[in-house]
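A.B. asks: here is my input; please provide its structure:
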Amino acid sequence: MSMIKLNANTIKVIAEQISFTTGYDFDVQTTQSISGGDINAAFRFQGVSSSYFVKLNHANRQAMFEAEFMGLQALTETSTVAVPKPLVHGVTDDVSFLILEYLTLMRTTSASERVLGQQLAQLHLKRQPHFGWHIDNTIGSTNQPNARSNNWVNFWREQRLGFQLQLAAKNGYSSRLQSLGEKLCEQLGDFFVDYKPQPSLLHGDLWVGNSASIAGNLPVIFDPACYFGDRETDLAMTELFGGFGRDFYAAYNDVWQLDAGYKTRKTLYNLYHILNHVLLFGGSYVSQAEKMMQNLLKEL
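C.D. replies: Presented below is the predicted three-dimensional model:
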């Protein structure tokens, strides 16, 4: 977790940024540390009548916050699922920051999950002609390249699985992980013989910890890693660590039915996130990634 701590100058700069962006003087009454993340430091800045959610990291992480800001803007513009409104991002002498509206988050309910399923399908109906994103961003704290591509198989091979395997090799994870990965990448097209993905706008990191409810049983999602890609990648991520109920998936399918081949491809898509966990945490994720690759190769 980031070891960033608040100091008087950072508080002053953030208050000034809020005042400038909103057009109203913001006087900080209290600051409260918020736990839960493992990458950034997070705080609630409370004023007299309003409060804001503030993420902090080292100054060299400014690009990460810029990309998140743009992702939240893109999601907001779809008028589908709610996200925290992004106010401003920037950097002081030694700290980068991202300021969002503060939302009181609650646990999801069956009702909010049904709405989320419908709204996620509607989000995925927002498309563009090509895969990728106009800037690179991050998945967790790992760089995520998003160069424009007209070929989904090449995009997933080169900018997702291949990129993660390269990072793994640089960090000493070679041998079996690499040989299985190379074989899988060579045969990647075989998973898409009868399925042609369209470039849908994705949240990009939609595990249960990045979703919640707000007042009125309305769903909200946050911490995006947006790009345009196969909608199945978002659905696969929701299954990786569990937590989403039947109502969510039924509601999604009511709007846009998933292809039968999704049952196999979801492992292919979640392999990307497990490879990222290899990089971040090592340990059992190495054997999990290898087992996923073996199972995928058996499907061919």
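
A.B. asks: quick check: which ranges of the stretch 1-150 of the chain have low pLDDT?
C.D. replies: Applying pLDDT under 70 to the stretch 1-150 of the chain picks out residues 1-3, 36.

A.B. asks: does Phe248 touch Gln119 like I think?
C.D. replies: No: assessed by CB atoms under 8 Å, Phe248 is found out of contact with Gln119, at 10.5 Å. Backbone N, C-alpha and C define where each C-beta goes, glycine included.

A.B. asks: looking at the two, which is more packed in?
C.D. replies: Set Phe248 next to Gln119 and count neighbours by other CB atoms under 10 Å: Phe248 wins out with 25 against 21.

A.B. asks: for that one, what are phi and psi?
C.D. replies: phi -60, psi -50 (degrees, to the nearest 10).

A.B. asks: from Lys263, how far out is the residue nearest in space to the middle of the chain?
C.D. replies: Centroid-nearest residue in the chain: Asp205, 2.7 Å away (criterion: CA atoms, centre = their mean). The gap separating Asp205 from Lys263 is 22 Å, by CB to CB, to the nearest Å.

A.B. asks: regarding the chain, what is its longest helix?
C.D. replies: The single longest helix within the chain, with elements called by DSSP state H, is helix 262-281.

A.B. asks: show me what the next helix or strand after it is packed up against.
C.D. replies: Per DSSP states H and E, the first helix or strand lying C-terminal to helix 262-281 is helix 284-298. Applying 3 or more CB pairs under 8 Å, 6 or more residues apart in numbering; DSSP states H and E, one finds that helix 284-298 makes contact with helix 176-186, helix 262-281.

A.B. asks: out of those, which one sits most buried?
C.D. replies: Comparing those by mean neighbour count (mean count of other CB atoms under 10 Å), helix 262-281 comes out on top with a mean of 20.

A.B. asks: helix, strand or coil for Asn236?
C.D. replies: Not quite, residue 236 is Ala, not Asn. Three-state assignment for Ala236 (DSSP: H, G, I helix; E, B strand; the rest coil): helix.

A.B. asks: can I assume Ser49 sits in a strand?
C.D. replies: No: assignment of Ser49 by three-state DSSP gives coil, placing it outside any strand.

A.B. asks: how much space between it and Val28?
C.D. replies: The value you get for Ser49 to Val28, if CB to CB is used, is 13 Å.

A.B. asks: so which of the two has more stuff around it?
C.D. replies: Using other CB under 10 Å as the criterion, Ser49 and Val28 rank with Val28 on top: 16 against 9.

A.B. asks: how near is that one to Leu100?
C.D. replies: 16 Å.

A.B. asks: what backbone torsions are found at the residue nearest to Pro129 when sequence neighbours are not counted?
C.D. replies: In space, and not counting its chain neighbours, Pro129 is closest to Pro199: 6.9 Å by CB to CB, 6 or more residues apart in numbering. The phi and psi values for Pro199, taken as degrees, to the nearest 10, are phi -80, psi 90.

A.B. asks: let me see the ranges of the helices in the chain.
C.D. replies: Using DSSP H, helices in the chain cover 8-22, 62-77, 110-124, 152-155, 162-170, 176-186, 232-240, 246-255, 262-281, 284-298.

A.B. asks: show me the contact partners of the last one.
C.D. replies: Residues outside helix 284-298 that contact it (CB atoms under 8 Å, 6 or more residues apart in numbering): 173, 176-177, 180-181, 183-184, 187, 191, 264, 267-268, 270-271, 274-275, 277-278.

A.B. asks: ditto for the fourth one
C.D. replies: With CB under 8 Å, 6+ apart as the contact definition, helix 152-155 has outside contacts at 131-132, 149, 188-189, 192, 197, 199, 229-230.

A.B. asks: quick check on the residues you listed: which are buried?
C.D. replies: 131-132, 149, 188, 192, 197, 199, 229-230 (16 or more other CB atoms under 10 Å).

A.B. asks: sounds good, over and out.
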